[in-house]
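J.: here you go, sequence then predicted model.
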Amino acid sequence: MSYLRWALICVPLILLLGFLSGRSVPAGDNSLWYQSLSKPALTPPGWVFPVAWSLLYIMQGFALAAILNARGASLRRLAIGLFAAQFGLNLAWTPVFFGAHRIDLALITLVLMLLLAIATTVVFSRIRPRAAWLMVPYMVWISFAGVLTWRIGQSNPDAQTLVPSARTSQVIG
């Protein structure tokens with residue numbers, strides 16, 4: 001399968017999974033809990049998050065497509081496994097933070113996600129350097145998200161009790 005064919009599968013799939021994760025619970029400005037939190041001054045406006053995540057998911061899709069297209073690369077399986085692990089944590093973050101209101105667990109999730117993204121990027125660089133470069137903005141963004149999450153946790157020690165946890169999906173309805 002050519003790179004273009006892989007990209008036509010990976011990019012929409014990653015965007016869809018990211019969208020479904022984001023819609024699994026009330027998030028961002030749709031979350032009463034998030035609205036009630038004290039947030040650091042460096043928090044971007046709400047519209048920035050879906051735009052940034054969409055662009056990052058597109059770049060990840062192209063990066064993964066490049067690796068999937070690298071037939072015969074000895075590190076290909078490891079690269080795909082690392083990508084899947086970091087992406088799984090990525091998808092889990094929204095339900096943990098916005099759904100369960102677990103800022104502490106969300107921060108741990110981000111740290112693990114970043115470590116796995118770094119490992120993924122290093123392995124990607126040994127297979128297809130451009131795939132690694134496509135991961136760099138993602139690592140910068142999740143580092144920034146980690147700082148925001150940490151500061152929100154510091155400013156809201158009682159965050160888990162502010163508003164009841166989201167138990168229903170926003171995907172349907």
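T.: Here it is on my side, so go on. Residues are numbered from 1 along each chain as shown.
J.: quick one: the helices in the chain?
T.: 3-23, 32-36, 48-68, 76-94, 103-127, 129-155 (DSSP state H).
J.: which of the ones you listed sits closest to residue 42?
T.: With Cβ to Cβ as the criterion, residue 42 lies closest to helix 129-155 of the helices of the chain, at 7.2 Å. C-betas here are computed from N, CA, C, even on glycine.
J.: so which residue of the chain lies furthest out from the middle?
T.: residue 72 (28.5 Å; Cα atoms, centre = their mean).
J.: so, low pLDDT: which residues of this protein?
T.: Low-confidence segments of the chain (pLDDT under 70): 1, 163-173.
J.: residue closest to the middle of it?
T.: In the chain, the centroid-proximal residue (Cα atoms, centre = their mean) is residue 90; its distance is 3.5 Å.
J.: so that one sits against residue 112, correct?
T.: No: Residue 90 lies out of contact with residue 112 (Cβ atoms under 8 Å); the separation is 10.4 Å.
J.: pull the contacting residues for residue 98.
T.: Contact partners of residue 98, counting by Cβ atoms under 8 Å, 6 or more residues apart in numbering, are 25-28, 31, 33-34, 166.
J.: and those, which two are furthest apart?
T.: Using Cβ to Cβ, the pair of the contacts of residue 98 lying farthest apart is 28 and 166, separated by 12.2 Å.
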